[in-house]
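# with the input below, show me the fold.
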Amino acid sequence: MKRSLILCGVLSALASSSAFAQADLAKAKNCMACHAVSTKLVGPAYKDVAAKYAGQKGAEDKLVAKILKGGSGAWGPVPMPANPQVSEEEARSLAKWVLATK
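The predicted structure is shown next:
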């Protein structure tokens, strides 16, 4: 029982540090200039993006493409610019994080 509690604590800490790492990556790549986790800024809140794409096949790949190439029309008239400073690996990591946002 004690081991189970310790294991749960360790796994929880790792999950939290991973979420913080992704938030730090989003800040470092300037995503937070237009997006926030819970509030619409220039672009949609990450929780709204997660809700829109929940359960959709290929959602992660769609978000990776939008992060890298930009897009327009999905969330209103303001286009999302391309992000050449973000690698494909970073974009995939960010997309997974956004899709997991509640």
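# from now on I want contacts and neighbour counts done on CA atoms only, so please keep to that.
OK.
# so how far is Ala82 from Ala51?
Separation of Ala51 from Ala82 (Cα to Cα, to the nearest Å): 23 Å.
# following the host helix or strand of Glu60, which helix or strand comes up?
Remark: Glu60 resides in helix 59-69, with elements defined by DSSP states H and E. Moving toward the C-terminus from helix 59-69, the next helix or strand (DSSP H and E) is helix 88-99.
# grab the nearest non-local neighbour of Leu63.
Setting aside the residues directly before and after it, Leu63 is nearest to Ala95 in space (Cα to Cα, 6 or more residues apart in numbering), at 5.7 Å.
# for Cys34, that is, sorry about that
Cys34 sits nearest to Val42 (Cα to Cα, 6+ apart), 4.8 Å away.
# that neighbour contacts His35, correct?
Yes - Val42 is in contact with His35 according to Cα atoms under 8 Å; the separation is 6.6 Å.
# so what's the closest residue to Pro81 other than its chain neighbours up against?
Nearest residue to Pro81, sequence neighbours excluded (Cα to Cα, 6+ apart): Gly70, at 4.6 Å. By Cα atoms under 8 Å, 6 or more residues apart in numbering, Gly70 lies in contact with 79-83.
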